[in-house]
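*Asks:* next comes the sequence, and after it the predicted model I'd like to discuss.
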Amino acid sequence: GVPLAYVRELSKLQDEVAPADSRAVLAVVREEFGGVDARDLFETFDPEPMAAASLAQVHRAVLKGSGREVAVKIQRPGLEQTIESDISTMASLVFFTKLAFPSFDFGFMVDEFRSRLEKEIDFEAEGRNCERMKRAFADDERIDAPSVEWNVTRKRVLTMEFVRGSKVTDIASMHKLGLDPKQAALALSDAFARMLLVHSFVHGDPHPGNVLVREHPTRRGETQVVLLDHGLYSELDESARIAMSNLWVAIAVGDGDRAVAAAKRLRVPDEFTWLMPLALARKTTDGRDVDRKQLEQQWADNKSKGGVGRPGIGEASLIGNNMPKEMIIVLRANALVRNVIKALGNSHAGNISLLEAKRQWSNVRYAILGLCIPRGLGDSTIRTVSLGCRVKWRLRTVVIGARATLSAFRRAFHRAKPIDIGSK
């Protein structure tokens, strides 16, 4: 895993913290709006935050004129100086670790951390990400994002529609509201598969606090997922988008050679190409489900014979320094969505397995579309895809579905082979 010293540094900027002094927070608003006070910008403004974290805190307010309730996200005072100090501390830890252990090169973590924070503290960029996602999914009523109030938004102050809903993992609350957790799981699965494989971008921080579930505002009884906090996004170039699409299709049909080739195009070191299907779907390169106990035993047996053991810090360093930095965010988002889907299974193994299988099929289905379209759609909806392309998508989905089913039957009636954790 990640060294404890790094975990401590990362945690400083992720954990919930006590609210900042209200006078200092209001001073940030005045600085961003040329001396105008918050009470002059809004009809009402609650100086007590609804939520406070290390990067920002959120206040409830009401817009002048319209009377609409909004959430105002304000950057913590002095944040840029704090970030520079924390990054310097992390860089020093990385430098001295590499000095003592040359094979442990975690310089990529410092670069990634700096890049991530630069994105997250620009609230105007966050607003643009939010609107881009909202435009891209205008054709899917199950998925939404808050509207941005641009006249009261600046680089350190973001004002958005106030969204009421249930936290995505609060199943009891969803049931009370008459919402369907399974429908929420399917919508979330489709949203992230489609973002990544069709639109060439993905929300990088879909932890449960950033995903709300509500009744559709105009369609009574229908479940809708609302994504919050659009500060951290990952952008895929065409090569990476196509490689990810090929990887998901290869996993589905059990095509090990195609999976390895796709992982290599993502710049995964040759000896670790088997890790990509494992990270994305808990599967081998040829599409078999991974038994964790079997894998642990195989690592132990291989290591005792001088072969490949469980990947450690050195291997993490090698992968991190070779893989495109945007892919780290993609893999993190995939893991977070998978964990949310697991929670929505309500701890019943059958439900968890079914919802996870549907999550994986969402990725395969949109991977097929991703390979049909000439380029990523960006913020355009699927409605803009040509009729011929959509017909091709549906036909290929039927074919791939049949191949995936046949492959699964074959695996079921063959003796399990050792998992390939070599240097294929």
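*Replies:* In hand now; what should we look at? Residues are numbered from 1 along each chain as shown.

*Asks:* how far off centre is stretch 336-347?
*Replies:* 14 Å (C-alpha atoms, centre = their mean, to the nearest Å).

*Asks:* what sits up against it?
*Replies:* 168-169, 171, 181-182, 184-185, 188-189, 192, 205-208, 211, 351-356, 359 (C-beta atoms under 8 Å, 6 or more residues apart in numbering). All C-beta spots, glycine's among them, are computed from the backbone N, C-alpha and C.

*Asks:* if we go to 7 Å?
*Replies:* The contact list for stretch 336-347 (C-beta atoms under 7 Å, 6 or more residues apart in numbering) reads 168-169, 171, 181, 184-185, 188-189, 192, 206-208, 211, 351-352, 355-356, 359.

*Asks:* in helices only, show me those residues.
*Replies:* Among the contacts of stretch 336-347, DSSP state H puts 171, 181, 184-185, 188-189, 192, 351-352, 355-356, 359 in helices.

*Asks:* list just the nearest of those to residue 326.
*Replies:* residue 192 (14.8 Å; C-beta to C-beta).

*Asks:* per-residue pLDDT, the residue nearest to that closest one when sequence neighbours are not counted?
*Replies:* Take residue 192 and drop its neighbours on the chain: the residue closest to it by C-beta to C-beta, 6 or more residues apart in numbering is residue 337, 5.0 Å away. On pLDDT, residue 337 comes in at 95.

*Asks:* name the SS class of residue 337, please.
*Replies:* Taking DSSP: H, G, I helix; E, B strand; the rest coil as the rule, one finds residue 337 in the helix state.

*Asks:* residue 218 sits in which helix or strand?
*Replies:* Using DSSP states H and E, residue 218 sits in no helix or strand.

*Asks:* and it, how far from residue 141?
*Replies:* 9 Å (C-beta to C-beta, to the nearest Å).

*Asks:* more neighbours: the two, which one.
*Replies:* residue 141 (14 against 8; other C-beta atoms under 10 Å).

*Asks:* phi, psi for the more buried one please.
*Replies:* phi -70, psi -10 (degrees, to the nearest 10).

*Asks:* in the stretch 101-250 of the chain, which spans are strands?
*Replies:* Using DSSP state E, counting those that start in this stretch, the strands found in the stretch 101-250 of the chain span residues 143-144, 157-161, 166-167, 201-203, 211-215, 223-227, 233-235.

*Asks:* helices along the stretch 301-424 of the chain, start to end?
*Replies:* Using DSSP state H, counting those that start in this stretch, the helices of the stretch 301-424 of the chain run over residues 313-322, 325-344, 349-372, 387-412.

*Asks:* quick one, phi/psi of the residue nearest to residue 20 when sequence neighbours are not counted?
*Replies:* Once flanking residues are discounted, residue 20 sits nearest to residue 76: 5.2 Å by C-beta to C-beta, 6+ apart. When quoted as degrees, to the nearest 10, the phi and psi of residue 76 stand at phi -60, psi 140.

*Asks:* tally of neighbours for residue 76?
*Replies:* Neighbour tally, residue 76, other C-beta under 10 Å: 21.

*Asks:* surely it touches residue 55?
*Replies:* Yes. Counting by C-beta atoms under 7 Å, residue 76 does reach residue 55; the two are 6.4 Å apart.

*Asks:* which of the residues in stretch 269-281 are classified as buried?
*Replies:* 269, 271-281 (16 or more other C-beta atoms under 10 Å).

*Asks:* that stretch: end-to-end distance?
*Replies:* In stretch 269-281, first residue to last residue: 19 Å (C-alpha to C-alpha, to the nearest Å).

*Asks:* with stretch 135-149 instead?
*Replies:* Rule used - C-alpha to C-alpha; the end-to-end distance of stretch 135-149 is 16 Å.

*Asks:* repeat that for stretch 44-63.
*Replies:* Start-to-end, stretch 44-63 (C-alpha to C-alpha) is 7 Å.

*Asks:* mean confidence for that stretch?
*Replies:* 90.

*Asks:* pull the residues that contact it.
*Replies:* With C-beta under 7 Å, 6+ apart, stretch 44-63 has contacts from 12-20, 22, 25, 38-39, 42-43, 69-76, 79, 120-121, 149, 162.

*Asks:* host element of residue 30?
*Replies:* With DSSP H and E as the criterion, residue 30 is inside helix 22-32.

*Asks:* mind listing what's buried in that helix?
*Replies:* Within helix 22-32, the residues scored as buried using 16+ other C-beta under 10 Å are 25-26, 28-29, 32.

*Asks:* now residue 179: phi and psi?
*Replies:* The phi/psi pair for residue 179 (degrees, to the nearest 10) is phi -100, psi 160.

*Asks:* surely it meets residue 215?
*Replies:* Yes. Using C-beta under 7 Å, residue 179 is in contact with residue 215, at 6.4 Å.

*Asks:* show me which of the two is the more surrounded one.
*Replies:* residue 179 (22 against 18).

*Asks:* so the more buried one versus residue 185, what's the distance?
*Replies:* 11 Å.

*Asks:* how about residue 49?
*Replies:* Taken as C-beta to C-beta, the span from residue 49 to residue 185 is 31 Å.
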